[in-house]
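Asker: got a predicted structure here, sequence first:
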Amino acid sequence: MAEKRHEKLGLSDQDVLDMFETMLLARKIDERMWLLNRAGKIPFVISCQGQEAAQIGAAFALDREKDWVAPYYRDLGIVLAFGMTAKDIMLSGFAKAEDPNSGGRQMPGHFGQRENRILTGSSPVTTQVPHAVGVALAGKMDGEDIVTYASFGEGSSNQGDFHEAANFAGVHKLPVILMCENNKYAISVPVSKQLACEKVSDRAIGYGMPGYTVDGNDPLAVYEVCKEAADRGRRGEGPTLVETVSYRLTPHSSDDDDRAYRSREEVEEAKKKDSIITFAAYLKENGVMSDEKEQEIQERIKKLVDEATEYAENADYAAPESAMNYVYGE
Amino acid sequence: MAEKRHEKLGLSDQDVLDMFETMLLARKIDERMWLLNRAGKIPFVISCQGQEAAQIGAAFALDREKDWVAPYYRDLGIVLAFGMTAKDIMLSGFAKAEDPNSGGRQMPGHFGQRENRILTGSSPVTTQVPHAVGVALAGKMDGEDIVTYASFGEGSSNQGDFHEAANFAGVHKLPVILMCENNKYAISVPVSKQLACEKVSDRAIGYGMPGYTVDGNDPLAVYEVCKEAADRGRRGEGPTLVETVSYRLTPHSSDDDDRAYRSREEVEEAKKKDSIITFAAYLKENGVMSDEKEQEIQERIKKLVDEATEYAENADYAAPESAMNYVYGE
Amino acid sequence: MPVISYIQAVTQALREEMQRDKDVFVLGEDVGVRGGVFRATDGLYEEFGEARVIDTPLAESAIAGVGIGAAMYGKRPVAEMQFADFIMPAVNQIISEAAKIRYRSNNDFYCPITIRAPYGGGVHGALYHSQSVEAIFASVPGLKIVMPSTPYDVKGLLKAAIRDDDPVLFFEHKRAYRLIKGEVPEEDYTLPIGKADVKREGEDITVITYGLSVHFALQAAEKLEKDGISAHILDLRTVYPLDKDAIIEAASKTGKVLLITEDNKEGSIMSEVAAIISEHCLFDLDAPIKRLAGPDVPAMPYSPPMEKYFMINPDKVEKAMRELAEF
Amino acid sequence: MPVISYIQAVTQALREEMQRDKDVFVLGEDVGVRGGVFRATDGLYEEFGEARVIDTPLAESAIAGVGIGAAMYGKRPVAEMQFADFIMPAVNQIISEAAKIRYRSNNDFYCPITIRAPYGGGVHGALYHSQSVEAIFASVPGLKIVMPSTPYDVKGLLKAAIRDDDPVLFFEHKRAYRLIKGEVPEEDYTLPIGKADVKREGEDITVITYGLSVHFALQAAEKLEKDGISAHILDLRTVYPLDKDAIIEAASKTGKVLLITEDNKEGSIMSEVAAIISEHCLFDLDAPIKRLAGPDVPAMPYSPPMEKYFMINPDKVEKAMRELAEF
Ligand SMILES: Cc1ncc(C[n+]2csc(CCOP(=O)(O)OP(=O)(O)O)c2C)c(N)n1
Ligand SMILES: Cc1ncc(C[n+]2csc(CCOP(=O)(O)OP(=O)(O)O)c2C)c(N)n1
Ligand SMILES: [Mg+2]
Ligand SMILES: [Mg+2]
């Protein structure tokens, strides 16, 4: 029997099962968030749906014991792979005191957890890119063998901070993966009105780094380029720009109505390439996942998400006056 | 006899003589400024020396009756070609009331003159690039057949504003020439520490525009690409990035001492390619300029610069309390 | 007169100015097909087309900078920053460029750009969708900063901003967008930039404020009236440069002054208002100048109890007004 | 004690902190081989090598942003902005990021970055090499802003800034760099950030100021002394958050207060100082709170007569102090 794609990449059956499970966990948490939002229980959701494959492909290419990530708001897959739990995410959705990201101070999707080397993020897009470069610089100074990851949307790749950070990383040959998750829209604005280049990865050469564009619905393809990018970084050869192309399956956020600017047909068409479905099919075709196994995973995740939701819903808010804490070190 | 280079480009003998004369005027004004500075008569100079060919090549490729320019502080050649006089420049050097750029409010090199469609500039680098894009956008809205030009150094091409403006121009297919005058240094920092790409023009593809790197000591080479860029713009095909490579022949400014960071040999080597010398040689070799003609031009310019200096030195400062004027429209 | 909402007044002003002057155009993120994430530019794309209602790439410095270039050419761009919090990448263009163009060119160029942005809290927007950012710009000569409180003021002041020959930052309270309604003439009118407006005449205490807090103060004033306390309420409307005469007059009138801002207290607009009063009418005062403001923490948290703790509301305003009256 | 210049104190503090803690590093434009355009980092490249004295690409947002990333990792970066005027492209990183990292992460992360920049006028620097930019940041909780006046304060405060676990903007008056000299201990010491310093005890009038103007006030005080007028001079040193207690104490002491800043008047640091005084010690005052400041025009022009017209100088200070004394 011919070697399977994931085996060629050095991934075991268990690895790809883990990848699938993390993708599915991200999707299921996300779906639950929408239900909670529509039920009036949480004020806001911003989704990873459609980008799970890209995120998990990238996360598994990193060393999750020592590398650092500067995720953007859709990177639920990344932070789960880096150690955040369903409960952590739900606590953030409900803005409760125990939320490890911010103690309920920030909206969901504003990730951060020092323990798991997830840099704290904000809302203004692309500011995290220089941060990841700074961590890479610091790691290099200390002779640490770390790679850093920063992600952002294709619209956000037009911010000055992307350019300045990419150039800095290029000049200093820092081990950074700059990952653009191109989901074809920036809120309502299609990629054709955001970018004049054919591919976001065309920008790489301007910073003296390689650039790749890969299918963002294929976790193995993303894994492959990110693994090579991480290896390059560790070898001291500098940064890499990776563009993953997929589609934003939900409206921009729970505050958006995407019917105003894109057709239902277009969305339905994109759903056919949904990585949750296509990767499950791959695993089954290759005998890695049986129907029973899938069922088992689905149930495990459902339980996790249920428990997390219940816990978070019942957890306490931080005390009102705790809003005064931590402006400065105490 | 074979067609001469400038004839192939559609330039007459008189055109190239005019080009030479404007280059030389820029050089001579600049040299005089240094003398005045060293004599303690003016507080500051920032030079065009080494970049005259690039500037004049570009200026002559534009329509100087209707196009708009957003020059940077070294673009003395550009503004002279666009109608500023030696007297105007000297008035700015001495910070006198009649200085058309700013009435003595800004340092020399901070150009601006509405009458000649020279946008007012500031010190923070690269802010003028989006301005030129904005003028191109406005011109397009009005159906005007205008091209805009913005220039900046290679160090400045690392600012976010370059990236954001270039992308905007690319997406909206605006008639803009983005010209990077690469003189190998940003104050003390050599290009190798500024950029990881081989050529600044490698950045063009990231904005969906063509990019060219040309010899910045050759006014005809610069003319050629800028002419093509202007034509593209007028044809509605969008912006072009042009990189002119030359060398900064002076210290960064009168406040700098470049011996701290580059060898005298390197500077001497660069002087051999000085366009003032090489272009004069081209004109002579091709029978466009005789020794007498050159002498005549030299004398005319000397007289101009002398008169301008004298006039400016004796001109009045703006009244102290006029510092209160023009914060808002009156 | 028709009663419309605060955000409808924004849209109406934009539409009328675009109809009136072909040099007026709108640019920003999602302002075109989507009509803005708050729908402030609703219908403009359909009416004026994509050349004058421009969906820009996601890059605020370019939005401001391209607008500034067009303004120097002779256009009257109205740039939208999707949230005031996201104006930060454009600060260099606004402070170094727009504000200084007339001055540095000795009046040869000028820069008639209007930059609109929704600001303010109380909408579960958390740290980065709730901020008041006016204080960052309120020390920059060359800029004007307008922050209207009512639909009537919105329409008149936004039109004035667009017609103004200098750069105007026009901050709209996002919580007011749908909450605040009021009578707005259908016909064309402008209101003077740089002039504060007495929103209520009173004798006992003076409240000086702007934006959403004007409404909180008016509500509280009604209640206080029942207890025989009469409050004079001055709406700054333009927070930079301030209307000194109006401030001095309002403060002197009652001798007891409460300054309210939703922004953090230290370094806010109210600092300058207090400084003006203490420079010009110190001896008319019967009580220390009291400031009611957000706490000095970075911004409003997301969780409802903490957001409420931070945000100015009618109760906090009423309490502060009573305390001052009793001083 | 050795007498050194203001800029030598900067260099000394940097060198000693880099020797003391390997996590301290310097980054900025021309800070390496060139030793800085003002030579503030002179000799550091030679001593510590290019890994710790980094000549960055010309991009201020990256200088700040990369520094912030390194600080979150555990480093203590000292970023130089070549001129305070050129901090503008980095405002988003400073205000949206550095200032809010501790707060937004609920104390999980913190950001010990120091951002140094030369500010101030009187050096023929024109509009963009003369500005005071502190007011832009002085309403942003999470930041600290230090502006020392003497070499002694420079050394002690810069060391404190570098050791501080929060972001500190450290603005150095460029005219003071070589003009101001003073005794500075060779040994290690720090001074407390957030504390103002009485630079002169006096009874009749209080002057509150910072930076170069402290020296102008001290000079004027000497002259006034001869005429029997005794001036109390408070140097703010940290201009955000302000040392309220020290301000209240200094203002109450004489009841006559002059506030001096080189910045434009409206919306300056002195607005907040006036507000604090009028909130806390209004009834201790015997005269209106007077402010002496730059005019409200965008920035200092280049031509010498206009620059002089704008710039605070000893004569203007003396005149204002006499007027207040005579009130
Ligand atoms: C500096 C800044 N400007 C505007 C916004 C508002 N905003 C939030 S997400 C978004 C679109 C982002 O599009 P893209 O980068 O493609 O990422 P996507 O959401 O599609 O994943 C915008 C405009 C912001 N968060 N920050
Ligand atoms: C935003 C900003 N940062 C820093 C400076 C200070 N500065 C003036 S010129 C210069 C170097 C510019 O180098 P380059 O872009 O290569 O242009 P060149 O001077 O070599 O022509 C620097 C750092 C500035 N003017 N603006
Ligand atoms: Mg997108
Ligand atoms: Mg250069």
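Answerer: In hand now; what should we look at? Ligands and ions are numbered 1, 2, ... in the order given.
Asker: and the residue nearest the centre of chain C, what's its pLDDT?
Answerer: Taking Cα atoms, centre = their mean, the centroid of chain C lies closest to C:M147, which sits 1.4 Å from it. Looking at C:M147, its pLDDT is 99.
Asker: quick check: phi and psi at it.
Answerer: Dihedral pair for C:M147: phi -140, psi 90, per degrees, to the nearest 10.
Asker: and for C:M311, the neighbour number?
Answerer: C:M311 has 18 neighbouring residues, counting by other Cβ atoms under 10 Å in any protein chain shown. Backbone N, C-alpha and C define where each C-beta goes, glycine included.
Asker: these two touch, right, it and C:G120?
Answerer: No - look at C:M311 against C:G120 with Cβ atoms under 8 Å: they stay out of range, at 9.1 Å.
Asker: spit out the residues that contact the two alike.
Answerer: Residues touching both C:M311 and C:G120 comprise C:E262, with contact defined as Cβ atoms under 8 Å, 6 or more residues apart in numbering or on different chains.
Asker: ok so, going back, look up how far C:G122 lies from the residue nearest to the centre of chain C.
Answerer: Distance, C:M147 to C:G122, by Cβ to Cβ, to the nearest Å: 15 Å.
Asker: now do the contacts for the residue nearest to C:R34 when sequence neighbours are not counted.
Answerer: Residue nearest to C:R34 in three dimensions, not counting chain neighbours: A:S188, with 3.7 Å by Cβ to Cβ, 6 or more residues apart in numbering or on different chains. With contact taken as Cβ under 8 Å, 6+ apart, A:S188 is in contact with A:H252, A:D256, A:D258, A:A260, A:Y261, A:R262, C:D30, C:G32, C:V33, C:R34, C:D55.
Asker: what ranges in the chain fall below the confidence cut-off?
Answerer: Here I'm looking at chain A. A:1 (pLDDT under 70).
Asker: think we crossed wires, I meant chain C
Answerer: For chain C (pLDDT under 70), the answer is none.
Asker: got the residue ranges for the helices in the stretch 151-300 of chain A?
Answerer: A:160-171, A:191-194, A:219-234, A:264-271, A:275-285, A:291-314 (DSSP state H, counting those that start in this stretch).
Asker: roughly how far does C:L259 sit from C:F283?
Answerer: 19 Å.
Asker: and these two? which has more neighbours close in?
Answerer: Using other Cβ under 10 Å, the more surrounded residue of C:L259 and C:F283 is C:L259, with 30 against 10.
Asker: wait, a helix at that one?
Answerer: No - read with DSSP: H, G, I helix; E, B strand; the rest coil, C:L259 is strand and lies in no helix.
Asker: up against chain D, what does the stretch 1-150 of chain C have?
Answerer: Within reach of chain D by Cβ under 8 Å from any Cβ of the partner chain, the stretch 1-150 of chain C has these residues: C:61, C:85, C:88-89, C:91-92, C:95-96, C:99-100, C:103-104, C:127-128, C:135-142.
Asker: are any of the residues you listed buried, and which?
Answerer: Buried members of these, scored by 16 or more other Cβ atoms under 10 Å in any protein chain shown, are C:61, C:85, C:88-89, C:91-92, C:95-96, C:99-100, C:103-104, C:127-128, C:135-142.
Asker: count of residues packed around residue 263?
Answerer: If you meant another chain, say so; for now it's chain A. 10.
Asker: my bad, chain C
Answerer: Neighbours of C:D263 (other Cβ under 10 Å): 26.
Asker: now check the one helix or strand it maps to, is it near chain D?
Answerer: Assessed by DSSP states H and E, C:D263 sits inside strand C:257-264. Yes - using Cβ under 8 Å from any Cβ, strand C:257-264 reaches chain D at C:D263, C:N264.
Asker: that strand pairs with which strands?
Answerer: strand C:205-209 (parallel), strand C:290-294 (parallel) (DSSP bridges).
Asker: chain D contacts on the stretch 151-300 of chain A?
Answerer: A:G160, A:D161, A:E164, A:A165, A:N167, A:F168, A:V171, A:H172.
Asker: contact partners for whatever residue of the stretch 101-250 of chain A ends up closest to ligand 1?
Answerer: Residue nearest to ligand 1 within the stretch 101-250 of chain A: A:G153 (2.0 Å; Cβ to the nearest ligand atom). A:G153 sits next to A:Y72, A:R74, A:V125, A:C180, A:E181, A:N182, A:N183, A:A186, C:L58 when contact means Cβ under 8 Å, 6+ apart.
Asker: quick one on the thing from earlier: out of the residues of the stretch 1-150 of chain C next to chain D, which sit inside helices?
Answerer: Among the residues of the stretch 1-150 of chain C next to chain D, the members found in helices (DSSP state H) are C:S61, C:V91, C:Y103, C:R104, C:A135, C:I136, C:F137.
Asker: need the max-distance pair from the residues you listed.
Answerer: C:R104 and C:A135 (24.2 Å; Cβ to Cβ).
Asker: let's see which of the contacts of A:S188 end up in strands.
Answerer: C:D55 (DSSP state E).
Asker: filter the contacts of A:S188 down to the buried ones and hand me the ChimeraX line.
Answerer: Selection command for ChimeraX covering only the buried members of those, criterion 16+ other Cβ under 10 Å:
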select /A:252,256,258,261,262 /C:30,32,33,34,55
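Asker: what about ligand 1: which of the contacts of A:S188 touch it?
Answerer: On the criterion Cβ under 6 Å from any ligand atom, A:H252 are the entries of those that sit beside ligand 1.
Asker: in a markdown table: the contacts of A:S188, plus distance to ligand 4.
Answerer: A markdown table is the format used below for the contacts of A:S188 (distance: Cβ to the ion, whole Å):
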| residue | distance to ligand 4 |
| --- | --- |
| A:H252 | 41 |
| A:D256 | 44 |
| A:D258 | 46 |
| A:A260 | 46 |
| A:Y261 | 43 |
| A:R262 | 44 |
| C:D30 | 37 |
| C:G32 | 38 |
| C:V33 | 41 |
| C:R34 | 41 |
| C:D55 | 35 |
